[in-house]
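**Q** coordinates for the following, if possible.
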Amino acid sequence: MGNIFEEFDKMVDTKALAEEVKNSSDTPVYKDVPDGEYEVSVDKLELVATKETHKPMVSGWFKIVGKGEFKGQRIFMNQVIDEAFKIHIVNEFLRSLGTSKEIEFQSYTQYANLLMDVMEEIDGKFEYGLKYTHNRKGYAQFEITEVFELE
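**A** Model prediction:
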């Protein structure tokens, strides 16, 4: 019986993969986005479950659209919402997006639908000034500083 690596070799075209690796020097290497203010679009906004504990979590992806070395990179927001104050944080953030939706938590099912509705309303129609920082405990914080309606 062969080793597991031989099994991998059978599953993949290793010659093509090796060639792709040779050519990957052209692939950009992304640095972590530092704290700062960025112009962003919202690529994703949904309710998911955390991987290990399966707690409800709001996941948001922000794509940097402004000029600068971080253009095209993403900033990720992941906020567990298993307590009232955590839901309040997300509610305040959602209100700052400038939608017509009434932001209120009633149930997780309702909240998941609300996030989809907010995303549908803003997708391709708005960009934002985002202040991205970390608090003294190292938790990421997100503040919308400006709302830009696209024409």
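**Q** next helix or strand past the strand of greatest length in the chain?
**A** Identified as the longest strand of the chain according to DSSP state E is strand 36-49. Following strand 36-49 in sequence order, the next helix or strand is strand 56-64 (DSSP states H and E).
**Q** between that next one and strand 36-49, how many degrees?
**A** 150 degrees (axes from the mean of the first three to the mean of the last three CA atoms, to 10 degrees).
**Q** figure out how far strand 56-64 is from the centre of its chain.
**A** 3 Å (CA atoms, centre = their mean, to the nearest Å).
**Q** give the pairing partners of that strand; include direction for each.
**A** strand 36-49 (antiparallel), strand 74-80 (antiparallel) (DSSP bridges).
**Q** what comes into contact with it?
**A** Residues outside strand 56-64 that contact it (CB atoms under 8 Å, 6 or more residues apart in numbering): 33, 38-50, 70-82, 90, 108, 111, 115, 128, 130, 142. C-betas here are computed from N, CA, C, even on glycine.
**Q** again with stretch 122-131
**A** 36-42, 62, 65, 75, 97-99, 142-150.
**Q** quickly list what the spatially most central residue of the chain is bridged to.
**A** By CA atoms, centre = their mean, the chain has its centre lying nearest to residue 61, at 1.9 Å. On the basis of DSSP bridges, residue 61 is bridged to residue 44, residue 76.
**Q** tell me which element residue 111 is part of?
**A** helix 108-122.
**Q** the very next helix or strand once past that helix pairs with which strands?
**A** For helix 108-122, the following helix or strand on the C-terminal side (DSSP H and E) is strand 126-134. Next to strand 126-134 in the sheet, as set by DSSP bridges, lie strand 36-49 (antiparallel), strand 140-149 (antiparallel).
**Q** and the angle for the helix holding residue 111 with strand 140-149?
**A** Using the same axes, to 10 degrees: helix 108-122 against strand 140-149 is 40 degrees.
**Q** okay then, goodbye and thanks.
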